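Participant: Here is the input, now give the coordinates:
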Amino acid sequence: MSDFCNMHILIVEDEPGIAQFLKQGLEEESFEVSVAYDGETGLECGHQEDLDLILLDWMLPKRSGLEVCRQLRKASVQTPIIFLTAKDTVSETIAGLEAGANDYIKKPFHFEELLARIQVQLRPAYEVEHDQFTLGDILLDATAHRVFKGGREITLTQKEFALLKYLLQHKGNVCERTQIIRDVWDIHFDYNTSIIEVYINALRKKLDLQKEEDAIQTIRGIGYIAKEA
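Facilitator: Numbering: from 1, shown residues only. Okay, the predicted model is just below:
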């Protein structure tokens with residue numbers, strides 16, 4: 001973890017024992033660590049510009065972790081967020097991801113696993129990417145973070161943009177649901193990946209894609225493919 005020396009992590013956790021355990025462990029890994037013990041304080045601290053990552057408990061006094069996450073994303077705070085939660089049903093996982101979380105880890109967890117998940121979120125972007133991707137009259141400008149359809153700019157959320165970019169990067173190839181979850185959401189789980197369908201439908205609607213000539217096609221039971229007409 002030496003590559004992440006002095007990076008700043010905010011822990012939002014109402015159980016002092018867990019918070020201090022995490023704080024001590026992360027400081028031993030050379031992170032700078034701040035702690036908030038309720039949702040309101042966590043939301044206020046989450047706006048700090050020097051934060052590199054937020055560890056956010058789901059069940060918090062004053063404001064839930066889910067609400068904190070939603071409010072931070074609504075305010076365009078893009079700091080990676082990892083939920084610390086005892087909740088692990090499909091609907092709850094989807095709710096956390098739709099709120100803007102980058103990952104989640106179920107309590108109780110091994111500290112080594114948490115470190116690995118933190119490392120995934122903080123890893124440097126080594127790959128040099130192309131600036132633009134096209135699909136028919138769709139243009140995605142990765143550098144400017146803008147999308148156009150027939151010359152008209154389309155407003156996408158962060159995850160919608162990331163999903164569209166992933167599909168266009170792999171244009172002509174089938175992208176399996178598990179691959180998308182791993183590479184776009186940076187998480188690994190084996191059960192229902194229906195959250196992807198929610199985002200695919202949103203993309204189709206915003207990009208005004210007609211089903212009979214859908215440029216983003218569903219490969220039933222496998223995943224999705226972006227292909228030219």
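Participant: Just the strands from the protein, written as ranges.
Facilitator: Read by DSSP state E, the chain holds these strands, from start to end of the chain: 8-12, 32-36, 53-57, 81-85, 103-106, 132-135, 138-141, 146-149, 152-154, 175-176, 216-219, 223-226.
Participant: For these, give me a markdown table that also has mean pLDDT.
Facilitator: Formatted as a markdown table, the strands of the chain follow (pLDDT from 0 to 100):
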| stretch | mean pLDDT |
| --- | --- |
| strand 8-12 | 95 |
| strand 32-36 | 94 |
| strand 53-57 | 94 |
| strand 81-85 | 89 |
| strand 103-106 | 84 |
| strand 132-135 | 88 |
| strand 138-141 | 90 |
| strand 146-149 | 90 |
| strand 152-154 | 89 |
| strand 175-176 | 90 |
| strand 216-219 | 89 |
| strand 223-226 | 91 |
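Participant: Determine which of these approaches residue 183 most closely.
Facilitator: Judged by CB to CB, the one of the strands of the chain that comes nearest to residue 183 is strand 175-176, at 8.5 Å. Just so you know, the C-beta spots here come from the backbone N, C-alpha and C atoms, and that holds for glycine as well.
Participant: Direction included, what does that closest one pair up with?
Facilitator: Sheet pairing for strand 175-176, assigned by DSSP bridges, gives strand 223-226 (antiparallel).
Participant: got a list of contacts for stretch 169-184?
Facilitator: If you take CB atoms under 8 Å, 6 or more residues apart in numbering as the criterion, stretch 169-184 is touched by 133, 135, 159, 162-163, 166-167, 187-189, 193, 195-196, 219, 222-228.
Participant: Determine how far the last residue of it lies from the first.
Facilitator: With CA to CA, to the nearest Å as the measure, stretch 169-184 spans 12 Å from end to end.
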